[in-house]
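Novice: Fold the stuff below for me.
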Amino acid sequence: MAAKMMNASMATAQVCRAPVASAKKAVAMRPSAVAPLRSARVAQTAGRRAVKTLAMANPLVSSPAPDFEAEAVYDQEFINVKLSEYKGKYVVLFFYPLDFTFVCPTEITAFSDRYEEFSSINTEVLGVSVDSQFSHLAWVQTDRKSGGLGDLKYPLVSDLKKEISSAFDVLTDEGVALRGLFIIDKEGVVQHSTINNLAFGRSVDETLRTLQALQYVQENPDEVCPAGWKPGEATMKPDPEGSKEYFAAI
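Specialist: Numbering: from 1, shown residues only. Purely as a prediction, here's the structure:
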């Protein structure tokens with residue numbers, strides 16, 4: 001009797017498992033049942049990539065520069081800097097990671113040493129980092145031979161709340177700014193940007209050359225500047241027929 005009950009119980013269990021096993025087998029054999037889920041995942045991933053690509057495809061160049069107002073150090077004093085008050089002048093706005101570091105002072109002092117060249121073509125220079133104005137002051141008061149800056153010919157802006165770095169999209173996950181550089185025209189529009197990673201510095205020569213090319217084409221809207229153009233060199237007409245004169249001469 002006990003054996004009969006055990007056989008009946010095993011038969012019932014097999015019957016109960018059979019539909020589950022059959023269902024799993026059926027799903028495995030029907031790709032169309034899984035395809036919608038796979039397609040949904042692919043679409044979701046593609047959507048995320050598209051949003052990321054869209055963000056990367058919309059830099060600040062050709063857009064109004066984000067305005068800001070912040071404390072800065074200039075001539076060993078604290079001053080207030082408001083970007084929109086520089087309208088009517090070109091602005092070279094550059095970000096650097098931190099005060100009292102290594103590559104940064106070489107860039108900051110290089111721009112200061114060449115400041116007159118920028119000033120002579122209606123351009124102001126602004127440096128920005130996430131340090132406080134007090135840190136900026138201490139660094140300016142430190143001799144260059146000791147890794148300091150000495151006196152600078154342009155303001156160093158404090159972005160302690162990291163709002164400026166965020167607005168210009170150069171803030172890293174570590175909370176410091178990449179080496180972003182922006183050239184802003186007289187109307188407050190960003191015309192040029194470059195962003196270096198932390199370990200290598202920028203070229204003052206190339207910044208000046210780019211600025212000169214920008215100013216030239218804005219003053220001569222029927223001309224464009226070819227690669228590596230410098231003042232006094234040939235430009236070209238931006239049309240199929242007019243450009244032939246340039247190409248014929250090179």
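
Novice: What values do phi and psi take at residue 163?
Specialist: phi -80, psi -40 (degrees, to the nearest 10).

Novice: residues touching it, list them.
Specialist: residue 68 (CB atoms under 8 Å, 6 or more residues apart in numbering). Using the backbone N, CA and C atoms, a C-beta is placed for each residue, glycine as well.

Novice: how far away is it from residue 185?
Specialist: To residue 185, residue 163 is 23 Å away according to CB to CB, to the nearest Å.

Novice: The residue lying closest to residue 73 once chain neighbours are set aside: how many residues sit nearby?
Specialist: Excluding its sequence neighbours, the residue lying closest to residue 73 (CB to CB, 6 or more residues apart in numbering) is residue 136, at 4.1 Å. The burial count assigned to residue 136 is 25, neighbours taken as other CB atoms under 10 Å.

Novice: Residue 136: what secondary structure?
Specialist: helix (DSSP: H, G, I helix; E, B strand; the rest coil).

Novice: now swap in the one 3 residues further on and tell me
Specialist: Reducing the assignment at residue 139 to three states with three-state DSSP gives helix.

Novice: okay, now it: neighbour count?
Specialist: Using other CB under 10 Å: residue 139 sits among 24 other residues.

Novice: cool, residue 120 as well?
Specialist: If you count neighbours by other CB under 10 Å, residue 120 ends up with 8.

Novice: thinking again about what came up before, would you check that the residue nearest to residue 73 makes contact with residue 76?
Specialist: No - Residue 136 is beyond contact range of residue 76, at 9.9 Å (criterion: CB atoms under 8 Å).

Novice: Quick check: the gap between residue 119 and residue 221.
Specialist: 25 Å.

Novice: who's more crowded, those two?
Specialist: residue 119 (14 against 8).

Novice: For that one, what are phi and psi?
Specialist: Torsion angles, degrees, to the nearest 10, at residue 119: phi -60, psi -40.

Novice: do the same with residue 128
Specialist: According to degrees, to the nearest 10, residue 128 has phi -140, psi 140.

Novice: out of everything not next to it in sequence, what's closest to it?
Specialist: Closest to residue 128 by CB to CB, 6+ apart is residue 157, at 4.4 Å.

Novice: and if you look at residue 184?
Specialist: residue 91 (4.3 Å).
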